[in-house]
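Novice: I need the structure of the sequence given here:
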Amino acid sequence: MSAFTTLDPDGPTISVGGASRATSVSSVVDRENPVWRGLSRADVEELRGIRPSESLGQMFAGDPGRADRFTLRCAGLVVDLSRNLWDERVREALLGLARRAAVDEGFRRLAAGERLNTSEDRPVGHVALRSSRRADVGVDGASVRDEVEATLDSMAAFVHAVAFGDIRGSTGRCFTDVVNIGIGGSDLGPAMAHEALRAFRVTGLRCRFVANLDVADLESNLVDLDPETTLVVVASKTFTTLETMANAEIARAWLSEALGGDGAIGHLVAVTADPRAADRFGVGRVFPFREWVGGRYSVGSSIGLSLMLAVGPAHFRDFLDGMAEVDDHVLAASLEHNAPLLVALLGVWYRDVLGLSSKAVLPYSHDLRRLPAYLQQLDMESNGKSTRIDGSTVDVETGPVVWGEPGTNAQHAFFQLLHQGTSVVPVDLLGFARAGSTSAAMFANLLAQANVLAFGRPADLVPDDPRRPHRVFPGNRPSTLILAERLDPRTLGRIIAFYEHVVFFQGLVWGINSFDQWGVELGKEVARGLLPLLGEPAGRSGPVGVDETAPLDTSSLRAIEWFRAHSADAPVRDVPSGDSGRLS
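Specialist: Next comes the predicted model:
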């Protein structure tokens, strides 16, 4: 099948940020590529030849049906792609790219829980976490349906027992507060969902989330709590994560001081893929999950225990069902109607063809304020890669920088740059029809920003005075609208799964492994090696990442000397010196 369509060679142009660039192309070459290794520079050069010649304003004016043709439905979400810098020729070319990358087969493998994490030789099974109501739920060729159901039932029983006072603290008082200690996927997903589902917290339990190694995070969360009524959930896949275990040890000491060592155990719960490590630490209960659950994809696993403790088992099930509905959409939809795929392809178009390096996610919802931070990990840890699955170096751009804030707040912070700055930033605008007494005002702001980004304000509509140049808006800046009736557990599950699949499809097109995170590891190893030089033990996990006999670079030496001189009671230890050296 042809990857791209043949084009008119008349030199199309596109205006980005006010600049118009012309390109000429005689044709886009048909090419058979039975083994897809990932998007190449040659592919990008071909795609550059089909950039639309018209602005968004011109395309809308000349095509009354554009909004209808570029708007999709996805499991209760409305996804409007019409304000993006593409036309039907671009869409067809990108779909041709998706066919060459065999994205449909790739997703079937994901849904089947196959070993897609090749660098670590691990299956990827997070889709199974929300598929347990189906008969054929499997990971790595084995059925996991009963296991997933048993975990959910165990979590639900625990939540009911805590909420109704059947499980109490060591002094006999009911639990009133939950402190979730984790970092990365063990924090960002549950914390984001807990905020998003504020209106659905039905158990009466108050949840707090601690992630930062800075002790101020934990101290500020414990300061007004009573140890007798506090339940601490330690969430760590390996139960060796430095930040999490440091906070867990402080929390355990806080509990032990008030309740005694044995009393503290009943206030500690572990969520981990290594139950034996949790038992060695000393906890009252362990809720396990499997190695095939990646951290940034784990909110639907027992990592979501603290979320369930707040919203209850029924709402947590609705949350999982919303995820499953998007999975079903992707499995059933044609490529042309597959909403996460088309958003993913637009991302590739912007990153590689138009050279746009970042993406803003702007929820018009206060309760969704942590969604951008959650998506930063999901997207940048998954697709921030420069090596293909086969070990070769990519020769195109991969994952964008993801950032954002709640919409109306952002309007008073950085929308100036979005509208009139020199960098064009594609944005996702998320909105809801039923969001309380200010729903109409919120939606009016969302729609206004989308329209000003797309259509701008030309000079002839600005009064002729000395300020005119400052009041012109260039427009032609892309946005995607993602709309839902209201933010509830099912809708939140849909949004999370939607973005998971966007990231996955982009990884397939780029030929990279979206499920490892080697870039996270080296810095942690180096930090453990530096700790003894700063007067601290190296920590409980992993090898030391610095050869202590090797000389350090002079910048590191000066920083260590400064820290020793300014930190209280820092013990003195010789530091290997030298004019040059390396950390690892």
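Novice: residue contacts, Ala248?
Specialist: Ile181, Val232, Val234, Ser236, Leu268, Phe281 (C-beta atoms under 8 Å, 6 or more residues apart in numbering). For glycine as for every other residue, the C-beta is placed from the backbone atoms N, C-alpha and C.
Novice: pull out the buried residues from the helix or strand where it lies.
Specialist: In this assignment (DSSP states H and E), Ala248 forms part of helix 242-259. Applying a neighbour-count criterion of 16 or more other C-beta atoms under 10 Å, one finds 242-248, 250-252, 254-256, 259 buried in helix 242-259.
Novice: quick check, nearest of these to Glu54?
Specialist: Relative to Glu54, the closest of the buried residues of helix 242-259 is Glu243; by C-beta to C-beta it sits at 50.5 Å.
Novice: would you mind measuring from Leu56 to Asn451?
Specialist: Leu56 is 10 Å from Asn451, where distance means C-beta to C-beta, to the nearest Å.
Novice: quick one: Asn212 is in a strand?
Specialist: No. According to DSSP: H, G, I helix; E, B strand; the rest coil, the state of Asn212 is coil, so it is not within a strand.
Novice: so for it, what's the pLDDT?
Specialist: Asn212 carries a pLDDT value of 98.
Novice: what average pLDDT does the helix holding Ala248 get?
Specialist: 97.
Novice: same question, stretch 395-411
Specialist: 97.
Novice: and stretch 221-235, by the same measure?
Specialist: Averaging pLDDT residue by residue across stretch 221-235 gives 98.
Novice: for stretch 79-90, same thing?
Specialist: 98.
Novice: list the contacts for the closest residue to Glu195 other than its chain neighbours?
Specialist: Leaving aside its sequence neighbours, Glu195 sits nearest to Arg370 (C-beta to C-beta, 6 or more residues apart in numbering; 5.3 Å). Residues in contact with Arg370 (C-beta under 8 Å, 6+ apart) are Leu188, Ala191, Met192, Glu195, Ala196.
Novice: so what does Arg370 have for phi and psi?
Specialist: phi -90, psi 0 (degrees, to the nearest 10).
Novice: cool, and Ala142?
Specialist: Torsion angles, degrees, to the nearest 10, at Ala142: phi -120, psi 140.
Novice: burial of it, as a residue count?
Specialist: Ala142 has 9 neighbours, counted by other C-beta atoms under 10 Å.
Novice: now do the SS call for the residue nearest to Ile496 when sequence neighbours are not counted.
Specialist: In space, Ile496 comes closest to Met323 once its chain neighbours are excluded; the distance is 6.3 Å by C-beta to C-beta, 6+ apart. Secondary structure, three-state DSSP: Met323 is helix.
Novice: going forward, count from 24.
Specialist: New numbering, starting at 24: the last item is Met346.
Novice: state the distance from Met346 to Gly161.
Specialist: Distance of Met346 to Gly161, computed by C-beta to C-beta: 17 Å.
Novice: looking at those two, which is more packed in?
Specialist: Set Met346 next to Gly161 and count neighbours by other C-beta under 10 Å: Met346 wins out with 26 against 18.
Novice: next, the contact list for the more buried one, please.
Specialist: Contacts of Met346 by C-beta under 8 Å, 6+ apart are Leu152, Arg153, Gly323, Gly516, Arg517, Ile519, Ala520.
Novice: got the contacts of Arg393 as CSV, with pLDDT columns?
Specialist: Converted to CSV, the contacts of Arg393 look like this (pLDDT from 0 to 100):
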residue, pLDDT
Leu211, 98
Ala214, 98
Met215, 98
Glu218, 98
Ala219, 98
